[in-house]
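Novice: The following block contains a protein sequence and its predicted model.
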Amino acid sequence: MDTDFEFDMRLDDNGVLLFKFGGVFDVDQWVDRQRAASARLFGNGIDPGLPAVVDLRGFIPPQGDWNKIAKLVFARSQTMGETRQRCALITGGNVCIELACRFYITSKAVMSRTECETRTFCTFEDGYAWAAENIVTPVPSRLH
């Protein structure tokens, strides 16, 4: 298994943001790569009304103090604009990723100033359906 951090961000035909994380999470690399992807896709900023699906099936939670890492993530997130209104986290049924997601959701509720409906899902299809349910006639995504 490759442990190098990987990140991808795309916008599908329905207007759903698709994020894919792989390897051991690195806050600094994530910020740099998300900023570059955001500039490439949107120029000045991302519409916070767009739903998001975050594929974490290849994600490896980082070692260390998760409270400290969460604070860094939320501090950096706030510099990148508003959060999504609806965000599906895809765990693939991995217990370690599920635990990291639960920690993230709980921490976000405590530390973040913005509201975002965030849920975990085992499959990409279930998470995508939930995230995109308010979109008229969604087209199934081929990017996962």
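Specialist: Okay, I see it.
Novice: Tell me what the residue nearest the centre of the chain is bridged to.
Specialist: In the chain, the C-alpha nearest the mean C-alpha coordinate belongs to Val54, at 4.0 Å (Cα atoms, centre = their mean). Residues in a beta bridge with Val54, per DSSP bridges, are Phe19, Leu89.
Novice: gap between it and Ala131?
Specialist: In this view, Val54 and Ala131 are 9 Å apart by Cβ to Cβ, to the nearest Å. C-beta here means a position set from N, CA and C on the backbone, and glycine is covered the same way.
Novice: Just the helices from the protein, written as ranges.
Specialist: 27-42, 66-79, 95-111, 124-131 (DSSP state H).
Novice: And those, which one averages the lowest pLDDT?
Specialist: Mean pLDDT is lowest for helix 66-79 among the helices of the chain, at a mean of 67.
Novice: ok so, going back, shared neighbours of Val54 and Ala131, which are they?
Specialist: Common neighbours of Val54 and Ala131 (criterion: Cβ atoms under 8 Å, 6 or more residues apart in numbering): 87-88.
Novice: quick one on the thing from earlier: out of the helices of the chain, which is the most enclosed?
Specialist: Of these, the one with the most neighbours on average (mean count of other Cβ atoms under 10 Å) is helix 124-131, at a mean of 19.
Novice: hmm, who's touching it?
Specialist: So helix 124-131 is in contact with 16, 51-53, 55, 86-90, 119, 121, 140-141, 144, going by Cβ under 8 Å, 6+ apart.
Novice: Apply the buried test to those residues and list what passes.
Specialist: With burial judged by 16 or more other Cβ atoms under 10 Å, the buried subset of the contacts of helix 124-131 is 16, 51-53, 55, 86-90, 121, 141, 144.
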